[in-house]
Structures are given as structure tokens and as C-alpha cells.
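Visitor: Need the 3D shape of this:
(chains A and B)
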Amino acid sequence: MKRSWVACALLASLAAWAQPKSAADGIAEYRKMLEDGNPADLFEAKGEALWKQKRGPKDASLEACDLGKGPGVVKGAWVEMPRHFADTGRVQDLESRLLTCMETLQGFSAAEIAKTPFGRDEQKNVTALATWIAASSRGMKFSLPQSHPEERRFYELGKRAFFFRGGPMDFSCASCHGEAGKRIRLQDLPMLTQNPGDGIGFAAWPAYRVSNGEMWSMQLRLNDCFRQQRFPYPGFASDVTIALGSYMGVNAKGAESIAPAIKR
Amino acid sequence: MNKTVTLTAAVGAVALLAGCASAPSAADLDQQALAMIKASFREQGIAKLDRIDQDLGQAACSSDKAPSSDLAKRIESESLKTIKWPAPGQYLGDWREGEKLAQNGRGMTWTDASAEPKGNGGSCYNCHQVNKEEISYGTIGPSLYNYGKLRGVKDAADPASAAIVQYTWGKMWNSKAYAACSNMPRFGHMGLLDESQIRHLMALLLDPKSPVNQ
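Guide: Numbering: from 1, shown residues only, chains lettered A, B, ... in the order given. Below you'll find the predicted structure:
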């Protein structure tokens, strides 16, 4: 029994060796191996605890926070955001909505948190909360509401932002994400003008980045895209980031969310 | 009194109707998107806000529709005029330096200290296959492997090669001279690389001794 197992393993490894593996296969295999111990789990657990914990100047939890599906409803919220909120009169993504709840329920200053660099102080908590809330929709399909005129307007604004060229290298989001089957170096680029598939593109974030050991929310993902686009700095939860979320999220309709994913 | 109420109701109904009818036009949305972008960014380090002031070509190539052929031709001819040509016979530098620049994808982000060309790479491998030995290359641009060989360049100084040598210089200096909405950065025109760096990249592509042409 044991011997046949060894023989099989040997055969399998020989077969793998004989068949030239593409670089993309190798990376996919590496990611698969990493999935067993995704450190995003730690951020998820922290986020859940933060949601329930009484904090801030008002010593309140976030359990009354309305993420679009009624106060306290977390499951399914992520795959329907950004969406319009009647109380603020704005289209909001998850992170800007969290700022609203942290301000109104807990008494934090939303503007202060928005100004805080990623990975510091309350920003760390926003990322953990976003990770847990996104994880609560794992396996669900994106279906952003488009019934409110503001939701349709934000989709249109996001589309324009996606194609907006600027900076010293003339890049737009579309420079890298406007065509199917392209790569930067060995990195596959999702085409974001349509549904790129389950767990790809918009449906893969928040994600844990192995290369720098950081948990990246969608806001941080977009922020680093703009850095590499050689643009100036997008404000945290600024309208351009929310509009791009609307554009990518609506385009991803039907894509299954795998967040929190793990990335190289 | 009754009349006032009727009038108010009528005005209200008109406003409501206008509200219903006034889903923003495409032109309104274009303006709103520009205003949104202006309001959403702030400067950080070397990345100043003038980076989102678009020039003619950037603005014309900012949608899923290509600009009209007249506008594209205008962008191309204006771009052609910006190209700074090297002194005769000074097109090629050292392909070894060119390979280093092609590998280097750094520069011009808000985390870079300086916007001087000295600190910048050419980022070629991000989008192109170049030297066959390097397997980590992108596919947004065409393969440049055997670039000079395929075009019959045996000696860049030979007048028979002048057209392709000049085109290659121009493409790197201002890619929009040959395709208005090219994805490729304008390395010379935007001050990303200086003349000597472009010479090294020219050698990487066109020197018969370069690994690109083996």
C-alpha cells in the first residue's frame, strides 16, 4: 500500500516534470497552496470582533450599522455595494459607508479616518471590518442595485473615470484592464469592462498580499492602481474611487465573490 | 388662496416632470466626471495635480470610442513635430545599458523621490517580449524579439536602414506621432527618459550584436 502510494507520487511528479508548466499554472498552483493558511482569516476575526465591540467616543458597537440591507445585516451586503443610501443621500462603497457608521454610531470623525494613511490607527480597523464584511458574502454573486438615478449616474461617472487618461505615462485604467488575455510581466490582467469571471478582478478583493504581508481592501487596491498609473493621490473614499467601484461592480454582475482572496 | 395653491402645485408638477426628464445627458456626465476627478485627487510627493490636466491627445483618447480620423491625424501630426531627433549617426548607444533600462520599471510614482530621467526605467518588459532569455514579460504591446533582424537592419548607419531607425527613435520619443491613442508612454516628450537612455534602448532593439537580434 505504502509502496504503491510512493510509486504513484513519483509517477505524478514525473508527469508534472515532463509536461512543461506555464508560468501562470505555476502561480495558480502557488496560490492554491497558500489558500490553506490565508492570513486574511486573522483580519476577518478581528473585523467581526470590532463590529460587535463598544468603541469610540459614544462607546457603541456597529451592530446597528445599515450596509444597505437593513441595520445590522452583514451577509450579502458586500456584493451589492456601492449603492445609494437615503440617509446620507450619497452612493457609498463599503469603506465610505463604514466611515459614516463609525461617525454616527460611535462618534469617530470620518474626515479624520479618511486622512489617516492605510495601515495605521483606525484605518487598520476599517480594513479588518471590510475584510470580515466582504467575507460574509463569500460564494455570493455580485448584483449591485441600479434602480436609483444616482446609482446609474455613478456607473456612468465610473465608466468615464475608467477611461480617463492622464499623468506622465498617459495611462488610464483601460490601458491595462480594457482588453482580455493581457499581462504585465507575468501578472494576468482582468478585463474590467465586463464580467471577468468568478473570483477575478472586483470579485477577488479584499485580499491578502503575500509579497508585502499586507491586507488590502478595495480602497487600497484602487489607490495602488493610481500610484502605478503615475496619477496624483486619490482621496480615501473619494467620489472617483466610489464611482470606479460602481462601474466595476455593476460590470461584475453574476461573478462569485471569493473575498478575502490571497495574492502573490 | 385657492389660486395660489393651484399655481404652487402646477409649478411643483412642472419641476417634478423636469426632474424626471433630466437624467443627465452624455455631455453633462462628461463635465461631471471631470469635476469629480479634479475634486478627488490631491498632490503627493512628485505627483502633482497638473498630472490630471489632460492635453489634446489624452482627452481625445479617454473613452471606449476612438477619436474621429481628422482628430487622430491632428494629434499624430502635432506629436510628430515634438520629436527631438539626435545628431546624425548618433542613434545607437550600448545595448547592455538598454537591457538594464528595459528591465527597470521604476519611476514617476508618488513614492519615487525624483522625477528626473536618471531615476527612471524604460519598463519595456512590463508590456513587451524583448530578449528571449527573459520569460517574465507582458503582452500589452507586440513582441520586440528580433526587432532589428526581422526588419533587415544589419548596420544602423546604413542609409538603407534609415527609415526604420528614425521610426524607432520617433516611436520611443513620442509614440502618439504614429498612433494617436497608442498605449505606449511618450518617453522623450514627457521627460521620462533622456536622449542617452533612448540611445541605449535603440541599441537593444537595433544593434545586430544585441541579444534581441540573435
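Visitor: Run through chain B and note the low-pLDDT ranges.
Guide: B:1-21 (pLDDT under 70).
Visitor: could you pull out the strands for it?
Guide: For chain B, applying DSSP state E gives strands covering B:41-42.
Visitor: try the stretch 101-250 of chain A
Guide: Secondary structure of the stretch 101-250 of chain A (DSSP state E, counting those that start in this stretch): strands located at A:182-184, A:187-189, A:207-209, A:214-216, A:233-234.
Visitor: so which of the ones you listed gets nearest A:Val126?
Guide: Closest approach to A:Val126 among the strands of the stretch 101-250 of chain A (Cβ to Cβ): strand A:214-216, 10.9 Å. Every C-beta, even on glycine, is put in place using the N, C-alpha and C of the backbone.
Visitor: list the buried ones in the closest one?
Guide: The neighbour-count check on strand A:214-216 (16 or more other Cβ atoms under 10 Å in any protein chain shown) flags A:Met215, A:Trp216 as buried.
Visitor: just stretch B:195-210 next, same as before
Guide: Under the neighbour-count criterion of 16+ other Cβ under 10 Å, stretch B:195-210 has B:195, B:197-207, B:210 buried.
Visitor: cool, stretch B:29-47 as well?
Guide: The neighbour-count criterion (16+ other Cβ under 10 Å) identifies B:Leu29, B:Asp30, B:Gln32, B:Ala33, B:Leu34, B:Met36, B:Ile37, B:Ser40, B:Phe41, B:Gln44, B:Ile46, B:Ala47 as the buried residues of stretch B:29-47.
Visitor: Does the second one touch A:Phe163 like I think?
Guide: It refers to B:Asp30. No: with contact defined as Cβ atoms under 8 Å, B:Asp30 does not reach A:Phe163; the gap is 10.9 Å.
Visitor: Skipping adjacent residues, who's closest to A:Arg227 in space?
Guide: Distances taken as Cβ to Cβ, 6 or more residues apart in numbering or on different chains place B:Thr109 nearest to A:Arg227, at 5.0 Å, with adjacent residues excluded.
Visitor: That neighbour: what's it in contact with?
Guide: Contact analysis of B:Thr109 by Cβ atoms under 8 Å, 6 or more residues apart in numbering or on different chains lists A:Arg227, A:Gln228, A:Arg230, B:Ala47.
Visitor: any idea which of the residues you listed is closest to A:Asp25?
Guide: A:Gln228 (25.4 Å).
Visitor: Leaving out the residues flanking it, which one is nearest to that closest one?
Guide: B:Thr109 (6.6 Å).
Visitor: now do A:Leu105
Guide: A:Ala60 (5.0 Å).
Visitor: center of the chain, which residue is that?
Guide: Using chain A. A:Trp205 (2.6 Å; Cα atoms, centre = their mean).
Visitor: right idea, wrong chain: chain B
Guide: With distances taken as Cα atoms, centre = their mean, the residue of chain B nearest its centroid is B:Pro185 (3.1 Å).
Visitor: picking up where we left off before, just flag the most distant two among the buried residues of stretch B:29-47.
Guide: Maximum pairwise distance in the buried residues of stretch B:29-47, criterion Cβ to Cβ, is 31.5 Å, between B:Leu29 and B:Ile46.
Visitor: And the helices in chain B, which stretches?
Guide: With DSSP state H as the criterion, chain B has helices at B:2-21, B:26-40, B:56-60, B:69-82, B:95-103, B:124-127, B:147-150, B:162-173, B:195-206.
Visitor: Reformat those as CSV; add distance to A:Gln187.
Guide: Rendered in CSV, the data for the helices of chain B read as follows (distance: least, Cβ to Cβ, whole Å):
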stretch, distance to A:Gln187
helix B:2-21, 46
helix B:26-40, 26
helix B:56-60, 25
helix B:69-82, 30
helix B:95-103, 16
helix B:124-127, 9
helix B:147-150, 24
helix B:162-173, 24
helix B:195-206, 23
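Visitor: Quick one: closest of those to A:Pro196.
Guide: helix B:124-127 (19.5 Å).
Visitor: just checking, what packs against that closest one?
Guide: Packed against helix B:124-127 by the contact rule (3 or more Cβ pairs under 8 Å, 6 or more residues apart in numbering or on different chains; DSSP states H and E) you find helix B:95-103.
Visitor: That concludes my questions; thank you for your assistance.
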